[in-house]
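In: The following comprises the amino acid sequence and a computationally predicted model.
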Amino acid sequence: MSVALHGVSKRFGPAAALSGIELEAAEGEFLALLGPSGSGKTTLLRILAGLDEADGGQVLIGGQDMEGVPARARGVGFVFQHYALFRHMTVAENIAFGLRVRPRARRPGRAAIQTRVAELLALVQMPELAGRYPDQLSGGQRQRVALARALAIEPRVLLLDEPFGALDPAVRRDLRRWLRELHDRTGLTTVMVTHDRAEAMEVADRVAILRAGRLEQVDTPAGLWTTPGNPFVYRFVGETVELPCIIRGQIARFETPGLPTLPAPLADGPALAMLRPHQVGLVEGAGARVRAVFAAGPAAMVELEVGGRVVEVVLPVGEAPPRVGSTWGLDLRAASFFPAG
Ligand SMILES: Nc1ncnc2c1ncn2[C@@H]1O[C@H](COP(=O)(O)OP(=O)(O)OP(=O)(O)O)[C@@H](O)[C@H]1O
């Protein structure tokens, strides 16, 4: 089922948590909401789930307007950080909960619930743990039980708020790959909040980047990486090298002497050239002085002083690192330009 938000806004007192959000996830899509702390990710998810009401705008699930439709009637499963498992219930009882509390007319029989729980335990790969209590599980196992509990009601949309937040990085990586497989196998539409860019870029079909309650860009991970729409997105998705310049007649000239000029398809005026650290090479010349070299990985990272600012570049794998204190020119490949200010 698709989900869509049109012109959604939300205030808490005088502060706007969300402003004019336009966002859609197609049926079967995995959409990640990525942004710094306080950017509105959780608020957006809670409005989708029906746990919070928007002040303005429209929420559609499966093409239907959700105004006045309570959370339990939206057909969405959710895993929020603060909705922990019930500690006094076993794994099986936790998973069955959403079915057992249904009104009598829609509640499956005892045997049907047992079958469904067994299916879900198999789906989250923990059939032998049905009788355990939450405090007898690892963090990763608890998160999988929380997902099974969310899936018990057979939702068509799954909403996840930092589902792997408290886990260590290796477990997070395993669980997100597993989650992506689960998503593909079940054909769900998934919307996941995270502030971990690697997680969002790895798991999602598209990533929506939020900043201070506004959407900055929505694109595929590759699209965000190759064509970030503004400096904020550029910085948010990876390391940057930033060099101020002046553009005249679509040619960028850098403030630091010795740097090459570059074609720049932007109006005349002060601008910022942005590159990734691997898009800058060292060549004979002047303009950049080596401050430090970090050669512990496959490719050396070189810290340079360029016109009074420090930039970090990554050399091609196997290239010998320069001497600290030596002076170089810069080969600038494929910069993006944004108006200054
Ligand atoms: N119930 C509330 N009452 C008042 N302000 C709130 C409430 N919930 C959220 N806010 C504010 O709305 C803004 C957005 O919060 P939200 O939790 O959606 O951000 P977030 O991007 O999910 O942050 P985080 O990554 O830290 O969880 C923040 O400024 C927050 O302080």
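Out: Done, it's in.

In: near the ligand, which residues of the stretch 1-150 of the chain show up?
Out: 12, 15, 17, 35, 37-43 (Cβ under 6 Å from any ligand atom). Glycine gets a C-beta too; all of them are placed from N, C-alpha and C.

In: Identify the farthest-apart pair in those residues.
Out: Spanning the widest gap among those are Phe12 and Gly35, at 16.6 Å by Cβ to Cβ.

In: The two - which one has more neighbours?
Out: The residue with more neighbours, out of Phe12 and Gly35, is Gly35; 26 against 11, by other Cβ atoms under 10 Å.

In: For that one, give me its contacts.
Out: By Cβ atoms under 8 Å, 6 or more residues apart in numbering, the contact set of Gly35 is 41, 195, 209-211.

In: Now the buried members of those.
Out: Using 16 or more other Cβ atoms under 10 Å as the burial test, these include 41, 209-211 as buried.

In: residue in the stretch 151-300 of the chain nearest to the ligand?
Out: His195 (4.9 Å; Cβ to the nearest ligand atom).

In: doesn't Gly40 make contact with that residue?
Out: No: with contact defined as Cβ atoms under 8 Å, His195 does not reach Gly40; the gap is 11.9 Å.

In: picking that back up, need the residues of the stretch 1-150 of the chain next to the ligand in CSV with distance to Ala25 and secondary structure, can you?
Out: Compiled in CSV, those are given as follows (distance: Cβ to Cβ, whole Å; DSSP: H, G, I helix; E, B strand; the rest coil):
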residue, distance to Ala25, secondary structure
Phe12, 25, strand
Ala15, 26, strand
Ala17, 20, strand
Gly35, 16, coil
Ser37, 23, coil
Gly38, 23, coil
Ser39, 18, coil
Gly40, 16, coil
Lys41, 14, helix
Thr42, 17, helix
Thr43, 17, helix
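
In: Whichever of those end up buried, select them in PyMOL.
Out: Applied in PyMOL, the following selects the buried portion of those according to 16+ other Cβ under 10 Å:
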select buried, resi 17+35+39+40+41+42+43
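
In: for this structure, what spans make up the helices?
Out: Along the chain, counting by DSSP state H, helices occupy 41-49, 91-100, 110-123, 139-151, 169-186, 197-203, 221-226, 231-237.

In: Identify all contacting residues around the first one.
Out: Contact with helix 41-49 is made by 3, 5, 8, 10, 17-18, 21, 23, 33-35, 52-54, 59, 61, 71, 74, 76, 78, 80, 157, 159, 161, 191, 193-195, 210, as judged by Cβ under 8 Å, 6+ apart.
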